[in-house]
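Participant: this is a predicted model, with the sequence first.
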Amino acid sequence: MAPKACAGATAAIRHLKASQWERDRHQDRAARLKAVLNAAGLPLMLNETHIVPVMVGNPKKCKEASDLLLAEYGIYM
């Protein structure tokens, strides 16, 4: 990792460790996302973290969803 990127990451970590507001907002956003996905009937694996695992249950459909997220939105899973 480039020194500038390391310095930026270190500064971000220090800031977030001291910022309860941003951590609370992050948790609130994750909870809201879980509620919306649950209301839409998507099968979620419930947990206490900010991670939102959506259970696909079919390997072919999972691959299709993963490919779509990467191609359309640049999201790598």
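Facilitator: Okay, I see it. Numbering: from 1, shown residues only.
Participant: which phi and psi does the spatially most central residue of the chain have?
Facilitator: When CA atoms, centre = their mean is applied to the chain, the residue found nearest the centroid is residue 51 (5.4 Å). Geometry field for residue 51 lists phi and psi as phi -80, psi 140, criterion degrees, to the nearest 10.
Participant: OK, contacts around the spatially closest residue to it that is not a sequence neighbour?
Facilitator: Spatial nearest neighbour of residue 51, excluding adjacent residues (CB to CB, 6 or more residues apart in numbering): residue 30 at 7.8 Å. In short, each C-beta sits where N, CA and C put it, glycine included. Applying CB atoms under 8 Å, 6 or more residues apart in numbering to residue 30 gives the contacts 49-52.
Participant: ok, and the most crowded of those residues?
Facilitator: Neighbour counts for the contacts of residue 30 peak at residue 52, which has 16 neighbours (criterion: other CB atoms under 10 Å).
Participant: touching, it and residue 34? I think so.
Facilitator: Yes. Taking contacts as CB atoms under 8 Å, residue 52 lies within contact range of residue 34: 5.7 Å.
Participant: overlap in contacts of these two?
Facilitator: residue 44.
Participant: report pLDDT for residue 76.
Facilitator: Confidence at residue 76, expressed as pLDDT, is 83.
Participant: what distance do you get for it to residue 39?
Facilitator: 27 Å (CB to CB, to the nearest Å).
Participant: would you mind listing the buried residues in whichever strand or helix holds the residue nearest to residue 51?
Facilitator: Assigned by DSSP states H and E, residue 30 belongs to helix 20-39. Across helix 20-39, burial judged by 16 or more other CB atoms under 10 Å covers residue 34.
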